[in-house]
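Trainee: sequence and predicted structure, then a few things I'm wondering about:
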Amino acid sequence: MSGDEATLHHAPAHRPVDGDFNVTLVTFAAMALFDQFDAEQRARVVVPFDDDNRRHWNFLPESGRRGVPLRDMTNAQRYLAHRLIAQCMSVEGYAKAVQVMSLEHVLRELNAPVFGHVAAHFRDPEGYFLTFFGQPQPDSDWGWRLVGHHLSLNFTVAGQDRLAATPLLLGSEPAGIGPFRILGEEEDLGFSLLAALDPAQVERATIHPVPPPDFATRCVPVIGEEEWPDVHGVGRRDAMITDADRRALRYVRGNPRGLARTRMNPAQQRAFDLLVEAFLNRLKPDQAGREMDRIRKAGHDELHFVWAGAHDIARPHYFRIEGPVTLIEFDNTEDDADHVHCVWRDPGNDFGADILAEHRAAQHGPAPETSGDE
């Protein structure tokens, strides 16, 4: 059995891309929520589909967000908002999203000695804004976003049966406290893969001893051919790097770095695949299967594992997986490695760029040829 055939061998079978009723259910769930909104809420929640704001996925607290926050919804509306999230994600993925929001309660109390009563304003478990890009309707192109501190969910629907799910971001501050270690699975799998490599492979995978303060590609709306991390995190100064560090950590879209999957033995490849699956399996099985199909088709063995920073989970560290249609970044660098951000992106299909182009080409293809005497 080849490496690709072994990959995701336990994943449930999925239907081909000619139709998926789950995507229809996503549209129906969004329509049910929209119909519960009053006129004022409808005016706030819908933004034109082609508005530039659709690509503004920044997950840090900010003022002036578009959309309707969960705190301004009735109980019935909040229930339907959660049904929409759950309709787009696996139960495990939905559970992580709910935990991210719930952790704001804890963070508010941790921040109270410094920020006082102001902490309640921006550490709010209901301070997550829902936005529709275009009104959700059957057989239409539309999207939705839920964004707030440490959460950015961005889903795009093309027609009735195509769904794109990136960028998909989750974060956790603290990385672990009490019953919460929301992104522990992803972190542990990254270290498990690192531990499975031999010394020469570890050296090849590790591109720099200093990790970036946040994502190497930041929160850019469209990933360029080359992206450099910032010198420090937004509003933070506890993880500073130099311009030389930035150059060493840069992401080059057409030139993957680190250790290629094809240079791993079968056991290492399985550890690598489990790490990739941890991000894809935030989606429902059919959608996760289609995403894996895209990765295989684009060149599964072309994926690379990249590490920066400490090889010790207690010290600041960072890893990413990069390839033709995949970019996964995980950083635990702030607060002495107690503050995690991780994101899954598709350099060519964020916000559904590819599926929208395919759907529109199918809708507006060339007219059929006619004979000369008609």
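Mentor: Good, I have the coordinates.
Trainee: next SSE after the helix or strand harbouring residue 40?
Mentor: If you go by DSSP states H and E, residue 40 is part of helix 39-45. Counting by DSSP H and E, the next helix or strand C-terminal to helix 39-45 is strand 46-47.
Trainee: other SSEs contacting that next one?
Mentor: strand 129-133 (3 or more CB pairs under 8 Å, 6 or more residues apart in numbering; DSSP states H and E). Every C-beta, even on glycine, is put in place using the N, C-alpha and C of the backbone.
Trainee: just checking, what packs against the strand it packs on?
Mentor: helix 21-36, helix 39-45, strand 46-47, strand 68-69, strand 142-148.
Trainee: export these to a markdown table and tack on distance to residue 90, mean neighbour count and mean pLDDT?
Mentor: Below are the helices and strands packed on strand 129-133 laid out as a markdown table (distance: least, CB to CB, whole Å; neighbours: other CB atoms under 10 Å; pLDDT from 0 to 100):
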| stretch | distance to residue 90 | mean neighbour count | mean pLDDT |
| --- | --- | --- | --- |
| helix 21-36 | 11 | 18 | 95 |
| helix 39-45 | 25 | 14 | 98 |
| strand 46-47 | 27 | 19 | 98 |
| strand 68-69 | 25 | 20 | 98 |
| strand 142-148 | 16 | 24 | 98 |
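Trainee: can you lay out those as CSV showing distance to residue 256?
Mentor: Output for the helices and strands packed on strand 129-133, formatted as CSV (distance: least, CB to CB, whole Å):
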stretch, distance to residue 256
helix 21-36, 31
helix 39-45, 39
strand 46-47, 35
strand 68-69, 39
strand 142-148, 29
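Trainee: tell me what the helix holding residue 40 is packed against?
Mentor: So helix 39-45, by 3+ CB pairs under 8 Å, 6+ apart, packs with strand 68-69, strand 129-133.
Trainee: ok, and what's touching that helix?
Mentor: If you take CB atoms under 8 Å, 6 or more residues apart in numbering as the criterion, helix 39-45 is touched by 34, 37, 66-68, 72-73, 77, 130-132.
Trainee: between those residues, which is closest to residue 154?
Mentor: Distance to residue 154 across these (CB to CB) is lowest for residue 131, with 9.7 Å.
Trainee: returning to what we had before: what's the closest of the helices and strands packed on helix 39-45 to residue 195?
Mentor: It's strand 129-133; of the helices and strands packed on helix 39-45, that one is closest to residue 195 (CB to CB) at 39.7 Å.
Trainee: angle of the closest one against strand 142-148?
Mentor: 160 degrees (axes from the mean of the first three to the mean of the last three CA atoms, to 10 degrees).
Trainee: give me the distance from strand 129-133 to the chain's centre.
Mentor: 16 Å (CA atoms, centre = their mean, to the nearest Å).
Trainee: give the next helix or strand downstream of the longest helix seen in the chain.
Mentor: The helix that spans the most residues within the chain, counting by DSSP state H, is helix 91-115. Reading on from helix 91-115 to the C-terminus, the next helix or strand found by DSSP H and E is helix 119-122.
Trainee: which strands and helices sit next to that next one?
Mentor: Packed next to helix 119-122, using 3+ CB pairs under 8 Å, 6+ apart, are helix 91-115.
Trainee: list the buried residues in the helix it packs on.
Mentor: For helix 91-115, a neighbour-count test (16 or more other CB atoms under 10 Å) marks 93-94, 96-101, 103-104, 106-108, 111 as buried.
Trainee: what's that helix packed up against?
Mentor: Helix 91-115 packs on helix 75-88, helix 119-122, strand 151-158, strand 168-172, going by 3+ CB pairs under 8 Å, 6+ apart.
Trainee: mean confidence score for the first one?
Mentor: Read that as helix 75-88. In this model, helix 75-88 carries a mean pLDDT of 98.
Trainee: cool, the third one as well?
Mentor: With pLDDT averaged residue by residue, strand 151-158 scores 97.
Trainee: what's the angle from that strand to helix 75-88?
Mentor: Interaxial angle, strand 151-158 versus helix 75-88 (the same axes, to 10 degrees): 70 degrees.
Trainee: quick one: strands adjacent to strand 151-158?
Mentor: In the sheet, strand 151-158 lines up against strand 142-148 (antiparallel), strand 162-164 (antiparallel), strand 168-172 (antiparallel) (DSSP bridges).
Trainee: got TSV for these, with distance to residue 242 too?
Mentor: Putting those into TSV (distance: least, CB to CB, whole Å) gives the following:
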stretch	distance to residue 242
strand 142-148	31
strand 162-164	36
strand 168-172	25
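Trainee: relative to residue 58, how far out is residue 101?
Mentor: 17 Å (CB to CB, to the nearest Å).
Trainee: shaky segments in the chain?
Mentor: The chain contains residues with pLDDT under 70 at 1-20, 235, 364-374.
Trainee: how does it divide into domains?
Mentor: 21-160, 172-359 (automatic domain parsing).
Trainee: how far away is residue 296 from residue 326?
Mentor: Distance from residue 296 to residue 326, by CB to CB: 11 Å.
Trainee: same question for residue 164.
Mentor: Taking CB to CB, one finds residue 164 at 13 Å from residue 326.
Trainee: joint contacts of those two?
Mentor: Joint contacts of residue 164 and residue 326 (CB under 8 Å, 6+ apart) are residue 346.
Trainee: the two - which one has more neighbours?
Mentor: residue 326 (27 against 23; other CB atoms under 10 Å).
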